[in-house]
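S.K.: Would you be able to build a 3D model of this:
(one chain, ligands or ions: 1)
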Amino acid sequence: MMGRRQYPWELRPVPWSEWQEYTRGTQDGVILLSYGIAPRDKLATRRQLRTMGLRPGGQNPVALLYFRYRPAHTQVFAELFLIERAKPVRPMTDAKRRALGKALLARRTCRQCGEIGPVELPRTNRVCEPCRFTLGLLDSWDYLHDYVQGMPTLAPDELCGVA
Ligand SMILES: [Zn+2]
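M.R.: You can find the predicted model right below:
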């Protein structure tokens, strides 16, 4: 059983220290560390880097941290990176932000009347409720039938909010 494997202590040179440090050997050439012996001020997982606003920045992991994942009784390996070689997370560029804003706006814009509503319109046609009604796009089960029947109190263009 893989989870039973014991890794022997092994003193070896490591990239995060000028001295030899205790490790749990290597796996496929990468240094193994058991839980608790990884220096937290020098090594971090991808997720830990992220909380510091950092990313690995192209470097390879310098060690693997192994620990037992109790619920599944399996051994889990987490890649560890050098904090000093990490780079700041790229901030979103203005162009990216503009493109995203545009895309989100398009999802709220009625293709029929052009009105911009507060919520995203249905992905299938992106048409607002009043327009769906006037265009006869409502499904027979649509809840709008419950209150838009009989004499319309507003003209279609008034429903759509365009004069
Ligand atoms: Zn509309």
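S.K.: Name the residues of the protein found near the ion, please.
M.R.: Contact residues, the chain versus the ion (C-beta under 5 Å from the ion): 110, 112-113, 128, 131, 160. (Each C-beta comes from the backbone N, C-alpha and C, glycine too.)
S.K.: right, and the helix or strand after the strand or helix carrying residue 106?
M.R.: For residue 106, the host element (DSSP states H and E) is helix 94-108. Sequence-wise, the next helix or strand downstream of helix 94-108 (DSSP H and E) is helix 129-134.
S.K.: where's residue 34 relative to residue 28, distance?
M.R.: Note on residue 34: its distance to residue 28, by C-beta to C-beta, to the nearest Å, is 17 Å.
S.K.: More neighbours: those two, which one.
M.R.: residue 34 (15 against 6; other C-beta atoms under 10 Å).
S.K.: what's near enough to touch that one?
M.R.: Listed by C-beta atoms under 8 Å, 6 or more residues apart in numbering, the contact set of residue 34 reads 7, 24, 65-67.
S.K.: Beta-bridge partners for it, please?
M.R.: Beta-bridge pairing for residue 34 (DSSP bridges): residue 66.
S.K.: Dump the residues of the chain next to the ion into CSV; add neighbour count as well.
M.R.: As requested, those are exported to CSV (neighbours: other C-beta atoms under 10 Å):
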residue, neighbour count
110, 21
112, 18
113, 17
128, 25
131, 22
160, 21
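S.K.: quick one: which of the residues you listed is nearest residue 71?
M.R.: Nearest to residue 71 among these is residue 128, at 46.9 Å by C-beta to C-beta.
S.K.: Surely that closest one is in contact with residue 116?
M.R.: No: using C-beta atoms under 8 Å, residue 128 is not in contact with residue 116; the gap is 9.4 Å.
S.K.: what sits in contact with each of the two?
M.R.: What both residue 128 and residue 116 touch, as defined by C-beta under 8 Å, 6+ apart, is the set residue 110.
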